[in-house]
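K.L.:
Give me a 3D structure for the following:
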Amino acid sequence: MVKAIWKDKVIAESDKFEIVEDNYYFPPESVKKEFLKESNTHSTCPWKGYANYYDIVINNDVNKDAAWYYPDPKPAAIKIKNYIAFWKGIEVKE
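P.N.:
Next up, the predicted model:
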């Protein structure tokens, strides 16, 4: 079981995940949506495609753009379509 934790809250938890470039990607149904807020930030990866971001919000604390996902990845990254990964201090551990 892998968990993503910030501010002592479990944001995501799953025994199904994908590891890509040392990042754990969680299936969308394993992420607690109440902690996610859509961000206007986007980025592009040459082989994965166009990424969208979420802010992580717990109480009044905001971790800007701390999660991302690929809604329409390139073929090489299709296995992580809509899966969510974390960074910026979000602890991911098995």
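
K.L.:
what comes up buried for stretch 74-84?
P.N.:
Judged by neighbour count (16 or more other CB atoms under 10 Å), stretch 74-84 contains these buried residues: A77, I80, Y83, I84. In this view, the C-beta of every residue, glycine as well, is placed from N, C-alpha and C.

K.L.:
Next step: these restricted to strands.
P.N.:
I84 (DSSP state E).

K.L.:
For the buried residues of stretch 74-84, give me CSV that also has pLDDT and distance to N52.
P.N.:
Below are the buried residues of stretch 74-84 laid out as CSV (pLDDT from 0 to 100; distance: CB to CB, whole Å):
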residue, pLDDT, distance to N52
A77, 98, 14
I80, 98, 13
Y83, 98, 12
I84, 98, 10
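
K.L.:
which one of the buried residues of stretch 74-84 is nearest A12?
P.N.:
I84 (6.7 Å; CB to CB).

K.L.:
who does the closest one bridge with?
P.N.:
On the basis of DSSP bridges, I84 is bridged to F26, Y69.

K.L.:
Hmm, K32 and it touching each other?
P.N.:
No - assessed by CB atoms under 8 Å, I84 is found out of contact with K32, at 10.6 Å.

K.L.:
Find residues that contact each of the two.
P.N.:
Common contacts of I84 and K32 (CB atoms under 8 Å, 6 or more residues apart in numbering): A12.

K.L.:
So which bits of stretch 41-57 are buried?
P.N.:
Across stretch 41-57, burial judged by 16+ other CB under 10 Å covers C45, K48, G49, A51, N52, Y53, Y54, D55, I56, V57.

K.L.:
What average pLDDT does it get?
P.N.:
Averaged over stretch 41-57, pLDDT sits at 98.

K.L.:
Pull it out as CSV, backbone CA atoms only.
P.N.:
C-alpha atoms of stretch 41-57 as CSV (Å, rounded to 0.1, in the frame of the first residue of the first chain):
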residue,chain,number,x,y,z
THR,A,41,-1.0,25.8,-14.0
HIS,A,42,-0.1,23.6,-16.9
SER,A,43,3.2,22.1,-18.2
THR,A,44,4.3,20.0,-21.1
CYS,A,45,6.5,16.9,-21.1
PRO,A,46,8.0,15.9,-24.4
TRP,A,47,7.0,12.2,-24.0
LYS,A,48,4.0,12.3,-21.6
GLY,A,49,2.2,15.4,-22.9
TYR,A,50,0.2,18.2,-21.4
ALA,A,51,-0.2,18.2,-17.6
ASN,A,52,-2.8,19.8,-15.4
TYR,A,53,-2.2,20.7,-11.7
TYR,A,54,-4.0,20.7,-8.4
ASP,A,55,-3.3,22.7,-5.3
ILE,A,56,-3.5,20.7,-2.1
VAL,A,57,-5.6,22.4,0.5
